[in-house]
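*Asks:* what follows is a predicted structure for the sequence shown.
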Amino acid sequence: MHMWESVKEIQYYCGRLDFRHVIDKRMVHFFGNIHKTNNAIVQRCFNIKTGDKFKRLCNEYGFNIYDNLLSRSVYDKFRIQFQ
């Protein structure tokens, strides 16, 4: 076992995410809110600059962009490491 692996397990059993998953969760929320906006300019900028990154997160965590349980998928992916 590596030193950082034990920290991840402690975080998991304390109900906390590791840094990578915290960042991914926040990006999912941010991108999800941008994706749902009615502002055409923001939508266009989102699709040009970050649309691919949002799609990658959707694929990685197994949800679609219209899913209401986006952050739950991040927790589920983190939990799988310890089962």
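*Replies:* The structure has been received and is ready for your questions.
*Asks:* got the phi and psi for residue 41?
*Replies:* phi -70, psi -50 (degrees, to the nearest 10).
*Asks:* what lies in contact with the top helix by length along the chain?
*Replies:* Taking DSSP state H as the assignment, the helix of the chain that covers the most residues is helix 19-36. Defining contact as Cβ atoms under 8 Å, 6 or more residues apart in numbering, one finds that helix 19-36 is touched by 17, 42-43, 46, 50, 53-54, 57, 60-61, 65, 70-71, 73-75, 77-78. (Each C-beta comes from the backbone N, C-alpha and C, glycine too.)
*Asks:* pull out the buried positions in stretch 57-65.
*Replies:* 57-58, 61, 63 (16 or more other Cβ atoms under 10 Å).
*Asks:* of the residues you listed, which is the nearest to residue 9?
*Replies:* residue 61 (20.4 Å; Cβ to Cβ).
*Asks:* who are the contact partners of the closest one?
*Replies:* Counting by Cβ under 8 Å, 6+ apart, residue 61 touches 24, 28, 70, 73-74, 76-77.
*Asks:* tabulate the residues you listed (a markdown table), appending pLDDT, distance to residue 6 and secondary structure.
*Replies:* As requested, the contacts of residue 61 are arranged in a markdown table below (pLDDT from 0 to 100; distance: Cβ to Cβ, whole Å; DSSP: H, G, I helix; E, B strand; the rest coil):
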| residue | pLDDT | distance to residue 6 | secondary structure |
| --- | --- | --- | --- |
| 24 | 88 | 22 | helix |
| 28 | 82 | 27 | helix |
| 70 | 60 | 29 | helix |
| 73 | 72 | 25 | helix |
| 74 | 73 | 21 | helix |
| 76 | 78 | 22 | helix |
| 77 | 77 | 20 | helix |
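*Asks:* where does the chain dip in pLDDT?
*Replies:* Counting by pLDDT under 70, the chain shows low-confidence ranges at 1-5, 64-72, 83.
*Asks:* follow-up on the earlier one: can you lay out the buried residues of stretch 57-65 as CSV showing secondary structure and distance to residue 34?
*Replies:* As requested, those are exported to CSV (DSSP: H, G, I helix; E, B strand; the rest coil; distance: Cβ to Cβ, whole Å):
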residue, secondary structure, distance to residue 34
57, helix, 13
58, helix, 14
61, helix, 17
63, coil, 16
